[in-house]
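A.B. asks: Provided below for reference: sequence and predicted model.
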Amino acid sequence: MSSDTRSIEPRYALYYAPPAQSPLWRFGSAVIGYDAETGEADGSLALRRFDAVRWREITAEPRRYGFHATMKAPFRLASGRVEADLRAACARFAAERARFACAGIQLATIGRFLAFRTASACAALDRLAAAAVAAFDEFRAPMNAAEREKRQRAPLTPRQRDYLDRWGYPYVLEEFRFHMTLTGPLEAAERALAEAELAEHFALSGADGPLIVGEIALYRQEDGPFRLIARYPFGGDR
């Protein structure tokens, strides 16, 4: 008798994640129903406009990735690379950087989904994301056919297609827009309800202060949602 003993090839991502005890982390985790650091479900959001089943459907997509903002999009490890190499690179990358602050965040509509965006442009965030895209690309395995097909389902500009080919992700460098996803795609009427629901909770959350960026987070996905496996504090103050 034989059995399939193949292991699932993990994926990794470099994200911005708010500090674990911060109001922003607690609120974002409650919205999507999952704490990526503990790996536990979070059902603390008391909903008025949605039942729990529908809200879990609405937040299924961001729940797979955990609350975050992308710095280096998910990738499989390149041949010859191991997780310990990636962890060491994360530590070096963080040690060379200083913490900074951006204006507070606000609820925003991006296409058909809801997310947090910074209240105004933050060049330091753009520079951090661009640096992460380049610094960690040596750890990224080339896209396979399924990964490429998935990325190409969305309409891409010529520059975005070039970035997909070069960096494995189309929304980098000039195409990068900092955001922290809260829902999956919604039709206009339901999106308006969800926005009203989240706006009420956000106003009471205490999460609307300046966005402090003082570390990067390494996430890993195996056979379930992404988990936050390590935080790397920046090496100095700005």
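C.D. replies: Yep, that arrived.
A.B. asks: tell me where the chain has helices.
C.D. replies: With DSSP state H as the criterion, the chain has helices at 23-32, 52-58, 60-65, 83-95, 123-135, 145-151, 158-167, 188-205.
A.B. asks: where does pLDDT dip in the chain?
C.D. replies: Where the chain drops to pLDDT under 70, the residues are 1-7, 236-238.
A.B. asks: again, 50 this time
C.D. replies: 1-6, 237-238 (pLDDT under 50).
A.B. asks: distance between the ends of stretch 149-159?
C.D. replies: 17 Å (Cα to Cα, to the nearest Å).
A.B. asks: centre of the chain to it, how far?
C.D. replies: In terms of Cα atoms, centre = their mean, to the nearest Å, the centre of stretch 149-159 is set 19 Å apart from its chain centre.
A.B. asks: rewinding a little: could you say which of the helices of the chain is packed most deeply?
C.D. replies: helix 23-32 (a mean of 23; mean count of other Cβ atoms under 10 Å). No exception for glycine: its C-beta is placed from N, CA and C like everyone else's.
A.B. asks: can you put the helices of the chain in TSV and add distance to Tyr232?
C.D. replies: Shown next, in TSV, are those (distance: least, Cβ to Cβ, whole Å):
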stretch	distance to Tyr232
helix 23-32	16
helix 52-58	31
helix 60-65	19
helix 83-95	4
helix 123-135	11
helix 145-151	26
helix 158-167	21
helix 188-205	26
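A.B. asks: mind checking which of those helices is nearest Gln106?
C.D. replies: helix 188-205 (8.5 Å; Cβ to Cβ).
A.B. asks: off-centre distance for stretch 126-143?
C.D. replies: When C-alpha coordinates are averaged (Cα atoms, centre = their mean), stretch 126-143 and its chain have centres 14 Å apart.
A.B. asks: go ahead and name everything in contact with it.
C.D. replies: For stretch 126-143, the external contacting residues (Cβ atoms under 8 Å, 6 or more residues apart in numbering) are 12, 14, 16, 70-72, 75-79, 81, 85-86, 89, 93, 97, 151, 167-169, 172-173, 176, 178, 213, 216.
A.B. asks: name only those of those residues that count as buried.
C.D. replies: Buried by 16 or more other Cβ atoms under 10 Å: 12, 14, 16, 70-72, 75-77, 81, 86, 89, 93, 97, 151, 167-169, 172, 176, 178, 213, 216, out of the contacts of stretch 126-143.
A.B. asks: those residues in strands, which ones?
C.D. replies: In strands, defined here by DSSP state E, the members of the buried ones among the contacts of stretch 126-143 are 12, 14, 16, 70-72, 75-76, 213, 216.
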